[in-house]
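A.B. asks: Using only what follows, build the 3D model:
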Amino acid sequence: MEPFEIIDHTADVGIAARGETPEDLFANAAAGMFSIITDPDNVEPRTSRPVTVSGSDRADLLVAFLNELLFLFETDRFITRRVEFDRLTETELAAVAHGEAIGPQHELETEIKAVTRHELAVEQRADDWHATVLFDI
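C.D. replies: Have a look, this model is predicted:
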């Protein structure tokens, strides 16, 4: 099972992410988002940033989480390579994002302006978790 796949949408781009646990799902969604921005193989987990967000439900929490990582990218030029979760409930998340600042080794491919709620879905299936997220580019 692939952790995520890129999906095309009329004027946007998105991901379909999967994971055995909610933590895996959120981590794979973050990996999918950053794979749209740059080649993840060129990103090393050299430094860390704390991430704490809340939402009204798990889908809203996923959007808040991805938007926070996007905010770190836009303001600190921080590219997330992997995420470790200290706490993840239906409405709250505390994690540490590991990655590095943008450098000459990073070729930026697609600019993501925002994480949208359009066609957003987070669901638990028989054996795993699935999410669909679209990004405004």
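A.B. asks: contacts, neighbours, all on C-alpha from now
C.D. replies: Will do.
A.B. asks: If we ignore the residues flanking it in sequence, what's nearest the most centrally placed residue in the chain?
C.D. replies: Geometric centre of the chain, nearest residue: A30, 1.9 Å, by CA atoms, centre = their mean. Using CA to CA, 6 or more residues apart in numbering and skipping residues adjacent in sequence, the residue nearest A30 is L66, 6.4 Å away.
A.B. asks: The helix or strand containing the one you found - contacts with which helices or strands?
C.D. replies: Using DSSP states H and E, L66 falls within helix 58-76. If contacts are counted by 3 or more CA pairs under 8 Å, 6 or more residues apart in numbering; DSSP states H and E, helix 58-76 sits against helix 22-37, strand 47-54, strand 78-88, strand 92-101, strand 114-115, strand 121-124.
A.B. asks: repeat that with 10 Å
C.D. replies: helix 22-37, strand 47-54, strand 78-88, strand 92-101, strand 114-115, strand 121-124, strand 129-136 (3 or more CA pairs under 10 Å, 6 or more residues apart in numbering; DSSP states H and E).
A.B. asks: Just the C-alphas of it, formatted as PDB.
C.D. replies: What follows is helix 58-76, C-alpha atoms only, in PDB (Å, rounded to 0.1, in the frame of the first residue of the first chain):
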ATOM      1  CA  ARG A  58     -10.400  15.000  12.500                       C
ATOM      2  CA  ALA A  59     -10.800  16.400   9.000                       C
ATOM      3  CA  ASP A  60     -10.600  20.000  10.300                       C
ATOM      4  CA  LEU A  61      -7.600  19.000  12.400                       C
ATOM      5  CA  LEU A  62      -5.900  17.600   9.300                       C
ATOM      6  CA  VAL A  63      -6.400  20.900   7.400                       C
ATOM      7  CA  ALA A  64      -5.100  22.900  10.400                       C
ATOM      8  CA  PHE A  65      -2.100  20.600  10.600                       C
ATOM      9  CA  LEU A  66      -1.200  20.900   6.900                       C
ATOM     10  CA  ASN A  67      -1.800  24.600   7.000                       C
ATOM     11  CA  GLU A  68       0.600  25.000   9.900                       C
ATOM     12  CA  LEU A  69       3.300  23.100   8.100                       C
ATOM     13  CA  LEU A  70       2.600  25.200   5.000                       C
ATOM     14  CA  PHE A  71       2.900  28.300   7.300                       C
ATOM     15  CA  LEU A  72       6.300  27.100   8.500                       C
ATOM     16  CA  PHE A  73       7.400  26.600   4.900                       C
ATOM     17  CA  GLU A  74       6.300  30.100   3.900                       C
ATOM     18  CA  THR A  75       7.600  32.000   6.900                       C
ATOM     19  CA  ASP A  76      10.700  30.000   8.000                       C
END
